[in-house]
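> sharing a sequence plus its predicted fold:
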Amino acid sequence: AQKVTQAQTEISVVEKEDVTLDCVYETRDTTYYLFWYKQPPSGELVFLIRRNSFDEQNEISGRYSWNFQKSTSSFNFTITASQVVDSAVYFCALSEASGTYKYIFGTGTRLKVLA
Amino acid sequence: NAGVTQTPKFRILKIGQSMTLQCTQDMNHNYMYWYRQDPGMGLKLIYYSVGAGITDKGEVPNGYNVSRSTTEDFPLRLELAAPSQTSVYFCASSDRTGGFSGANVLTFGAGSRLTVL
């Protein structure tokens, strides 16, 4: 069965600190997608990144970076020089790469960035 | 481009009442999903649809029904509302075009907060 674990329920950092959000997944599929979504206090869910299972290249987008390691089944998300606007709940998710393409979401990590 | 539109945004129901949450997307996406979000529990899949006329159960379908008569619309019906159905409901859609390199990115509606008293 597929499973996504975000062990960090809540993290608080001071503005400009770096912070890493952990995500560990389980799947028997050989091909799959991994995602991160952001849910700011306003409540909407916003897509941040998608990774294909065969692409372990790390990605950097501005202050955001993602580290995908199949050997440890992890897909961690780092925010560099955090800002108050980064305060949100962040969800890691795993989806099938065929058939119904259903998603499994982690329980989310609430990030609080203090000024 | 409106994306995914959900109505209503807020609703209070009495135990035993029924209601329908509406969801419409204008992106011509084949795949549509209904999730519920409970505090600290992430998102749980209620029902999904891979195209007009095709629906299937997700993780937590009990107490809900869906239909998909058109590509655009995917309403979620709650029959005999119970306090356990108090939650925030999200409708989402996605596209599969492009094969394995296709997006499979979910576009979410703004959510519907339902309280059952």
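Now that the structure is in, tell me what you want to look at.
> check whether A:T78 sits in a helix, strand or coil.
Here A:T78 is recorded as strand under DSSP: H, G, I helix; E, B strand; the rest coil.
> show me where chain A has its helices.
Secondary structure of chain A (DSSP state H): no helices located.
> what residues does it put near chain B?
Within reach of chain B by CB under 8 Å from any CB of the partner chain, chain A has these residues: A:9, A:31, A:33, A:35, A:37, A:43-45, A:47, A:50, A:52, A:91, A:95, A:97, A:100-103, A:105-108. (C-beta placed from N, C-alpha, C; glycine too.)
> now chain B, which segments are flagged as low pLDDT?
Applying pLDDT under 70 to chain B flags the ranges B:1, B:96-103.
> repeat the analysis, applying 90 as the threshold.
Of all residues in chain B, those with pLDDT under 90 make up the ranges B:1-2, B:30, B:39-42, B:50, B:79, B:94-105.
> just give me the residue right at the centre of it.
With distances taken as CA atoms, centre = their mean, the residue of chain B nearest its centroid is B:W34 (2.5 Å).
> my understanding was that that residue contacts B:L78; is that so?
No: with contact defined as CB atoms under 8 Å, B:W34 does not reach B:L78; the gap is 10.8 Å.
> so for the two, which residues contact both of them?
Counting by CB atoms under 8 Å, 6 or more residues apart in numbering or on different chains, the common neighbours of B:W34 and B:L78 are B:21, B:64.
> if we can go back for a sec, the residues of chain A next to chain B, buried ones only, as a ChimeraX selection?
To isolate the buried subset of the residues of chain A next to chain B in ChimeraX, counting by 16 or more other CB atoms under 10 Å in any protein chain shown, use the following:
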select /A:33,35,37,45,50,52,91,95,97,101,102,103,105,106,107,108
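> narrow the residues of chain A next to chain B to those in strands?
Among these, the members falling in strands are A:33, A:35, A:37, A:47, A:50, A:52, A:91, A:95, A:103, A:105 (criterion: DSSP state E).
> test my guess that the first one contacts A:R50.
Yes: with contact taken as CB under 8 Å, A:Y33 and A:R50 are classed as touching, separated by 5.7 Å.
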